[in-house]
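J.: using only what follows, build the 3D model:
(2 chains, ligands or ions: 2)
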Amino acid sequence: MFEHCPAIAEQVKLALGDEALSISVQERAQWFSCYFTTKKHLSIFRAAGVVLLILAFTVPVALLLGFLGALGKASRWPVISQICSLYVIMVRGIPDIIFFLFVPLTIEIGIEYVMHSFVYCRDSAEPFFNGINIQPCSEAAIIPTQFNRIVLAVVAYGIVFGSFAANIIDGALKAVPFGQRETGSAFGLSQRQVFFDIHLPQMWRYALPGFSNLWLILIKATPLLFLLGIQDIIYYADLLGKMATRRYSTYPHGDWKLWYFIALGIFYLALTMLSQLVFTRLERRFNKGMVINETTSGRV
Amino acid sequence: MPSADTSAPAHAPDPAPEAATGPASDAAPIIALAGIEKSFGSLDVLKGVDLEAGRGDVVAMIGSSGSGKSTLLRCVNLLEVPERGEITIAGEAITFSNKGPARVPSSAGQVNRIRADLSMVFQQFNLWAHLSILENVMLPQRRVLKRDRAQARQRAIETLDRVGIADKADAYPSQLSGGQQQRAAIARALAMDPTALLFDEPTSALDPELEGEVLRVIKSLAEEDRTMLLVTHDMRFARDVADKVVFLHQGRIEEEGTPAEIFDSPKSDRLQQFLSASDHR
Ligand SMILES: Nc1ncnc2c1ncn2[C@@H]1O[C@H](COP(=O)(O)OP(=O)(O)OP(=O)(O)O)[C@@H](O)[C@H]1O
Ligand SMILES: [Mg+2]
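T.: Residues are numbered from 1 along each chain as shown, chains lettered A, B, ... in the order given. Ligands and ions are numbered 1, 2, ... in the order given. Next up is the predicted model:
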């Protein structure tokens, strides 16, 4: 499809050297279409895809952990309720960035430790913790492939944002007027039925503003992915925007970083605007029948 | 009622052996409370209440604010668990475990079954805000009585029609007036085909001009010989619909009797004071 590219690139490159020769609009367009489809550029598009993918997988993980945390907090077993309370408080009190370093590292070491001690190297004389160093045997060491890093990112983001979500869900569950649930019980609905038919559906209305906020924070936290060694869009924007000289590049250009970062800004802005749209719709749906700042009572 | 009879237990007039407390022999009262005591912390709200409602009886509970009327009504369907006392619904005694403040019904299944049989209408209507009126009336039928969608829907439409708001079936509670909401709540209770209905001041959250429409509905139910336990502040209404009026004062039943007895010839000073203060004429 892009077989013409080397020729176009060469032609324009030559033209750039000779100020007298002007480049036609058509040539310019062809040049750009070739420029944007180089291997490196495909990587930045893929990186954008990875961001979206991580976002998409983080949401269900965070929601699940959020529900577990919020419901676990009210557990009648003290161990569970204390772990869940801790989970909620811990992440609130510690900067996210520390978590993005701490959580993946802990998970990584944990898995390696289990693999080292119980699966692969049981006979090995080498201890896992060698003084201050951590040395899994070669079979147990996690290879830092892109896939592994993405999984790690999803888990780390899921844990951090799950804790925020737990907070929101906890508050939203408490915000549902008690009378609404009690009426369910009064008609003979079981605890489960009250939860799924009344409490949960009414909870969303109180949780959505918080979730909407959290989602935006999550989107804005994706640039931290580089901390996990994921070569993300910002890395590529920086790389591709650098000046490219005629000598070393098929597609020479000046310092285009500004343009690349503007494009990045637009990418994030489009993402957040789209989210707003979705949340507005969701809110309209979950607000159905629910009067703001009012329970079913009192409309007299 | 107490007879000079020698051998028979005081309140077992029917020949059935006393041990047979299975579901309702016809003579057993629908609601029977005996020695109910309930406190919140150090506040003793109910101090030993006995109350009976036979099949088809309309029992009205009156009393000043804080006398424990709502608490007593809520003990009937176990929204509050009394520390002491027995609750027997249609001949079936609720079983409890533990004693004192830790007392709980021993079977959630039994409680839910009893609750399904005693529909409650709340002062604040408590329609489920996220469901349409029709869905409100259908939900407990579907979940508790396990009726299928078509059955539940049909019964819902019948009862909504009965209370005169079938045209509001698809509206949400917040779109209705207070009177309409309370009628919808009554339809929801009726659709369960309960053995008895419990009302807790069903009109006191309503403007006076909306009270009438709700009272008319309740009156028509009373005339159908439904068993009803009704807390009300409306003395005229109590006199109008009740077979028996119970005056609760400071957690005890101070006086009970027919509406004529209670309203025309009150015996206790407390009741006389209460009635003159509430201007029941
Ligand atoms: N859940 C509760 N916790 C603590 N105290 C309570 C609770 N429910 C009721 N009470 C107290 O118990 C007493 C009786 O309350 P109850 O609601 O039964 O009175 P009532 O006769 O229904 O009054 P009203 O006519 O105002 O409705 C009141 O003093 C009330 O404050
Ligand atoms: Mg009350």
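J.: use CA for all of it now, contacts and neighbours both
T.: OK.
J.: doesn't B:E52 make contact with B:I89?
T.: No - the pair formed by B:I89 and B:E52 falls short of the contact definition of C-alpha atoms under 8 Å, at 9.9 Å.
J.: and for stretch B:257-273, what's in contact with it?
T.: Stretch B:257-273 is touched from outside by B:238-239, B:242-247, B:249, B:254-256, B:275, with contacts defined as C-alpha atoms under 8 Å, 6 or more residues apart in numbering or on different chains.
J.: which one of those residues has the most neighbours?
T.: Among the contacts of stretch B:257-273, the one with the most neighbours (other C-alpha atoms under 10 Å in any protein chain shown) is B:V245, at 27 neighbours.
J.: B:L51 contacts B:I36, doesn't it?
T.: No - assessed by C-alpha under 8 Å, B:L51 is found out of contact with B:I36, at 9.1 Å.
J.: between those two, who's got more neighbours?
T.: B:I36 (23 against 17).
J.: next, give phi and psi for the more buried one.
T.: Taking degrees, to the nearest 10, you get phi -70, psi 130 for the backbone angles of B:I36.
J.: what's the spacing between whichever helix or strand B:Q110 is part of and its chain's center?
T.: Assigned by DSSP states H and E, B:Q110 falls within helix B:108-117. Relative to the centre of its chain, helix B:108-117 is centred 15 Å away, using C-alpha atoms, centre = their mean, to the nearest Å.
J.: and it, what does it pack against?
T.: Helices and strands touching helix B:108-117, by 3 or more C-alpha pairs under 8 Å, 6 or more residues apart in numbering or on different chains; DSSP states H and E, are helix A:178-186.
J.: using PDB, list the CA coordinates for the helix it packs on.
T.: Output of helix A:178-186 as PDB, limited to C-alpha atoms (Å, rounded to 0.1, in the frame of the first residue of the first chain):
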ATOM      1  CA  PHE A 178     -33.000   3.500  55.000                       C
ATOM      2  CA  GLY A 179     -36.700   3.500  54.600                       C
ATOM      3  CA  GLN A 180     -36.300   2.300  51.000                       C
ATOM      4  CA  ARG A 181     -34.600  -0.800  52.100                       C
ATOM      5  CA  GLU A 182     -36.700  -1.300  55.200                       C
ATOM      6  CA  THR A 183     -39.800  -1.300  53.100                       C
ATOM      7  CA  GLY A 184     -38.400  -4.100  51.100                       C
ATOM      8  CA  SER A 185     -37.800  -6.100  54.200                       C
ATOM      9  CA  ALA A 186     -41.300  -5.200  55.400                       C
END
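J.: does that helix come close to ligand 1?
T.: No - against ligand 1, helix A:178-186 shows no contacts by C-alpha under 6 Å from any ligand atom, the least distance being 11.6 Å.
J.: in that helix, which residues are buried?
T.: When neighbours are counted by 16 or more other C-alpha atoms under 10 Å in any protein chain shown, the buried residues of helix A:178-186 are found to be A:179-186.
J.: what angle sits between it and helix B:108-117?
T.: Helix A:178-186 runs at 100 degrees relative to helix B:108-117, counting by axes from the mean of the first three to the mean of the last three C-alpha atoms, to 10 degrees.
J.: quick check, distance from the helix or strand that helix A:178-186 is followed by to the centre of its chain.
T.: With elements assigned by DSSP H and E, the helix or strand that comes after helix A:178-186 is helix A:191-194. Distance of helix A:191-194 from its chain centroid, counting by C-alpha atoms, centre = their mean, is 33 Å.
J.: hang on, A:A29 in a helix?
T.: Yes - A:A29 forms part of a helix when assessed by DSSP: H, G, I helix; E, B strand; the rest coil.
J.: per-domain residue ranges of chain A.
T.: Domain assignment of chain A by automatic domain parsing yields the ranges A:1-37+A:232-262, A:60-231.
J.: mind checking which of these is nearest A:T272?
T.: Across those, A:T272 has its closest neighbour in domain A:60-231 (6.6 Å, C-alpha to C-alpha).
J.: sketch out the low-pLDDT regions of chain A for me.
T.: Residues of chain A that meet the criterion pLDDT under 70 lie in A:1-2, A:15-22, A:122-125, A:246, A:291-300.
J.: which ones are touching the residue nearest the centre of it?
T.: Chain A has A:L55 as the residue nearest its centroid, 3.5 Å off, counting by C-alpha atoms, centre = their mean. Residues near A:L55 by C-alpha under 8 Å, 6+ apart: A:154, A:218-219.
J.: among those residues, which are in helices?
T.: A:154, A:218-219 (DSSP state H).
J.: nearest to chain B among the residues you listed?
T.: Nearest to chain B out of these is A:L218 (C-alpha to the nearest C-alpha; 29.1 Å).
J.: for that closest one, what are its contacts?
T.: A:L218 makes contact with A:55, A:161, according to C-alpha under 8 Å, 6+ apart.
J.: so how far is ligand 1 from it?
T.: Distance of A:L218 to ligand 1, given as C-alpha to the nearest ligand atom, to the nearest Å: 41 Å.
J.: before we move on, back to that, between B:I89 and B:E52, what contacts are shared?
T.: In contact with both B:I89 and B:E52: B:29-32, using C-alpha under 8 Å, 6+ apart.
J.: of those residues, which ones also sit close to ligand 1?
T.: Applying C-alpha under 6 Å from any ligand atom to the shared contacts of B:I89 and B:E52, none is adjacent to ligand 1.
J.: CSV for those residues, including neighbour count?
T.: Formatted as CSV, the shared contacts of B:I89 and B:E52 follow (neighbours: other C-alpha atoms under 10 Å in any protein chain shown):
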residue, neighbour count
B:P29, 21
B:I30, 24
B:I31, 24
B:A32, 20
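J.: JSON lines for those residues, including secondary structure and pLDDT?
T.: Formatted as JSON lines, these follow (DSSP: H, G, I helix; E, B strand; the rest coil; pLDDT from 0 to 100):
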{"residue": "B:P29", "secondary structure": "coil", "pLDDT": "92"}
{"residue": "B:I30", "secondary structure": "coil", "pLDDT": "94"}
{"residue": "B:I31", "secondary structure": "strand", "pLDDT": "95"}
{"residue": "B:A32", "secondary structure": "strand", "pLDDT": "95"}
